[in-house]
Structure formats: structure tokens, C-alpha cells
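Undergrad: Sequence and predicted structure are below.
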Amino acid sequence: MYRFTTQRSFRRLIEIEDILLGTMDETTADMQEFEIQKSYIDNTKEMAEEIINKLKKIDEEKENETSKLNYEITKLVVSIRNQQSSVQDQLNNFYEKKRTMLYEIYENIRKLDKLAEGDSEENNTNNFLTIMSRVNTLTDSFKRKEEAYLKTAEFFDGSTIGRLFFTTPDVPVHEYSIVVEEKPIKVISNSESFFTIQGKNRIINLRNQVVLGQVADTIDDIAITSDGRLSFIIVYNWEESAVNILPKGTHKPEAYKLENAFLRSGNCKFTILNDKIVVGDGNLTSIFSTESRKREKVWRLWSSSQHYKIKDNTLYQLSDNTWVSYTDNQLGEFRQVHDYSDTTTPILKVLIRKLVAGNILFCLNDYITLIDPDKKNAISIKMQLIFPDKTLLDYQIKNDEVILCLHCNIDPCKISFMHFPYKFILN
């Protein structure tokens, strides 16, 4: 308020000077003064209303976050109780067996004592030797028997109730990096993790770097099927190709041989719908039936750059600055991708919002392309505007976070994972 009054007084001195010099009459000066005051009052009213609305939401937001905290604690307690019960059962079983063995040794020793003293009706050499042999066997077994040792975990090891972060929407609440053997040519994701090819013939889980599948031949491309499974294609020669799907819960692949696919190794792209296999080589795209393994439909684009994504059993194809969709055996209209030009909203916010809204993401060369399947439009954003020193590879939505997978431009073998809680972005 003091600053405003000082600025207003200063402006008033200038106006008085203008009046004295004859450049402004006093009526005009008064009108300007009134407009300034009115504008200030209007602005403060809007600010007051905004503050009141935020105050009303505070209790609601606090209650929501408290409910989440209580829910996580309940889950953690249940998990700990279940683990406690399981470990306790193992301990009980172990010590009961140990107790039984000791009792048996003790009882046999007592029998030996009675035989030695001549108090037993079974006092003969054979019985004595038999019982002695049994005692020796049990004693040796007992000496070799392992001891129970519970290796305690660090407190809440691998199962925390969560941490409280104070952050801004453009800063990830969690970020970490791994290093892989070679630069990933392509990264894909499903609800479980991110995946890539290493050594030309191995598919690895990027999160834990576990090898999920390894073959003798070169893997030409990998894709996520319409039901979220991991798949890959191998081109053996011009006419012979095979698509392999890794079923959930096992690493044994299902193979579909494609008849007369006419694909070139190192040049093809593919993906899988519910009952169709989509393959592309150059500017040609073909649809094969998973039942007959035969080609059902073909279309050709002007560019040889073909890239595919699946959402809700619909194929989205991007080729340079053109995209098209394919669903229910129908090829849609070819549409143009437009450069993103809105500068009023931070671009990272735009990216996160569109991903949460269900846009299809393509990360090609130096550009990010987002296709909106509902509005049937697409925008292209220069990668450097969002990530100056990294390249976005793919993303994953898990719980209330958007997780971005990127590689470092200086060291492409360094893979980063950025976690953004999208509730901050959507507000």
C-alpha cells in the first residue's frame, strides 16, 4: 500500500507540473487519477476472491492428503503383518523340527543307559548297537543342521509410507539415473516398466536391467501390444519374418511367422493390435492377420519414415509431418502435424497435461509429437525447448505420477527417470 501511495504521489506531481505547464488540464488529471484508483480496486477485489477460493480449498486438500497418508499407513501395516505371519510360521516350523530331533536323541540315549544297566527287557547286543547307531546318526545330523538367522532389513526397506515434498511443477519430485551398455535406439513402456534392446539380441527391463528375452538372431524392433505385452520382430530374410510375444508371467515367447512379408532387416517397424500385426518397411505399411498370418491390407505414404503406437486397439501412425489412424479395419484421414505456438503456458506443463489427457506420444529426432485422438489434431514441440540437455524417450503413468524416461545428450548411455506428480500440473 505504501508503495502504491508513493507511486501515485509521484505521478500526481508530474500531473501538477503538466497542469502548470499547460499540457494537461486538471479535469483530465482527475479522471486519470480516478481510473488508476478504480483499476487498482478491481484488481484487489479479484485477488481477494481468488484468496477466498484458495482458503476454502485448503481444508479439502489437507483432508485428501491426510486420507492418502492414512491409507498408505494401513497398507504398510497390513503388509508388515502378513510378512510377520509368514516369517513366524517358518520360525515355528524350524524350531519344532529341531525340538523333535533333540527329544528323539534324548530318548534314545535314555534307552542306551537302561540297556547298559541291565534294566531293560530288550537287553541284548543287537538292540544296543541299533540304538547307538541311531543316536550317532541323529547327533551327526543335528550338528550339521543349519541355524535360523533372521537378517533384519533397514527400517522400511523397500516399503516406505512416502515422503513430503515441497516443489514446483517444473521440478521432478524424484529423479535417478542408470547406465546401460549402449545407446538405446528405441525405448517402449507399459504399466510395469520401460524396455529397450541391448546387444542387438537382448531385451532388458530398464528399471532393474534384467534380461527378459535373448535370441540368437538380431531383433529388428520391439513394441507393446494392445493388451500391454512385450513383443519383438525378427527378419530372417526378404520373405521370412517372425513376430514374438512375451506372455505376462512367463518369458516363453509366442511366435507368428509372416508369409511373404517382404521386409528388410534393420529397416522395418511393427506393432500388434488385438488380432492384427502391423509391419512397415520404407513407405509401405501392411496389416497381417494373427490367425492366417497373411497380408490383409496395404497402404503407402510419401515418406519412408514410419512410426507406430497403439491406444485402445487403434493404430496411430506418424510419418514426418503426417499422421493417420487405423481401427476396425478402416484407415482414417491423413492429417497434418502443426508446430506448437502457444507461449502463455510453460511447455513442460503442456506436455504433462496432454499425456495425462491420453495424447499419443512420439519422440523422433529433435521433436516431440503429441496426437490428440479425441480432437483429431497433432502438435509438434522442439525437444530442446523442454529438455535442453536430454532427449525424451517414452513415458509411463503410474499412480498419481507421470514418469519420463530420457537419455543424456552428452552421454546417451546414461538413462534418467523423472517423476512428476501431475496433480500440481493439472491445477
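TA: Okay, I see it. Residues are numbered from 1 along each chain as shown.

Undergrad: ok, residue 236 touching residue 217?
TA: Yes. Using CB atoms under 8 Å, residue 236 makes contact with residue 217 at a distance of 6.9 Å. Where C-beta positions appear, they are placed from N, C-alpha and C, glycine not excepted.

Undergrad: what about the two, which has more around it?
TA: Neighbour tally, residue 236 and residue 217, criterion other CB atoms under 10 Å: the higher count belongs to residue 236, 15 against 12.

Undergrad: what bridges to residue 194?
TA: Note on residue 194: beta-bridge partners residue 189, judged by DSSP bridges.

Undergrad: separation between it and residue 287?
TA: Going from residue 194 to residue 287 by CB to CB, to the nearest Å gives 27 Å.

Undergrad: just residue 224 next, same as before
TA: In terms of CB to CB, residue 224 sits 18 Å off from residue 287.

Undergrad: Also residue 52?
TA: 57 Å.

Undergrad: so where's the stretch 151-300 of the chain uncertain?
TA: 151-169, 249-253 (pLDDT under 70).

Undergrad: for it, what spans make up the strands?
TA: 174-179, 187-189, 194-198, 202-205, 210-214, 221-224, 230-235, 240-246, 254-259, 268-272, 276-281, 284-289, 295-300 (DSSP state E, counting those that start in this stretch).

Undergrad: Looking at residue 194 and residue 287, which is more packed in?
TA: residue 194 (21 against 18).

Undergrad: List the buried residues in stretch 410-417.
TA: 414, 415, 416, 417 (16 or more other CB atoms under 10 Å).

Undergrad: For it, measure first residue to last.
TA: One end of stretch 410-417 sits 16 Å from the other (CA to CA, to the nearest Å).

Undergrad: List of residues touching that stretch?
TA: 174-184, 194, 206-207, 389-391, 393, 403-408 (CB atoms under 8 Å, 6 or more residues apart in numbering).

Undergrad: same for the host helix or strand of residue 70, what does it pack against?
TA: Here residue 70 sits within helix 26-117, counting by DSSP states H and E. The contact analysis (3 or more CB pairs under 8 Å, 6 or more residues apart in numbering; DSSP states H and E) places helix 26-117 against helix 2-21, helix 125-144.

Undergrad: averaged over its residues, what pLDDT does the first one have?
TA: Read it as helix 2-21. Confidence for helix 2-21, expressed as mean pLDDT, is 48.

Undergrad: repeat for stretch 309-319
TA: Stretch 309-319 comes out at a mean pLDDT of 93.

Undergrad: And stretch 365-377, what's buried?
TA: 367, 368, 369, 370, 371, 373.

Undergrad: I'd like to know which of these are part of strands.
TA: Judged by DSSP state E, strands contain the following of the buried residues of stretch 365-377: 367, 368, 369, 370, 371.

Undergrad: which one among those gets closest to residue 309?
TA: residue 371 (8.0 Å; CB to CB).

Undergrad: Pretty sure that closest one sits against residue 318.
TA: Yes. Between residue 371 and residue 318 there is a contact at 7.4 Å, judged by CB under 8 Å.

Undergrad: Any chance you could list residues touching both of the two?
TA: Shared contacts of residue 371 and residue 318 (CB under 8 Å, 6+ apart): 362, 378.

Undergrad: Give me the buried entries from the contacts of stretch 410-417.
TA: Here, 16+ other CB under 10 Å leaves 180, 184, 194, 206-207, 390-391, 393, 403-408 buried among the contacts of stretch 410-417.

Undergrad: Make TSV out of these and add distance to residue 328.
TA: Shown next, in TSV, are these (distance: CB to CB, whole Å):
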residue	distance to residue 328
180	39
184	33
194	30
206	34
207	35
390	38
391	35
393	31
403	32
404	32
405	31
406	35
407	37
408	42
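
Undergrad: Looking at those, spot the one nearest residue 101.
TA: Using CB to CB, the buried ones among the contacts of stretch 410-417 come closest to residue 101 at residue 207, 44.4 Å.

Undergrad: Tell me how many other residues crowd the closest residue to the closest one other than its chain neighbours.
TA: Nearest non-adjacent residue to residue 207, counting by CB to CB, 6 or more residues apart in numbering: residue 193, 4.6 Å away. Counted with other CB under 10 Å, the neighbours of residue 193 add up to 19.
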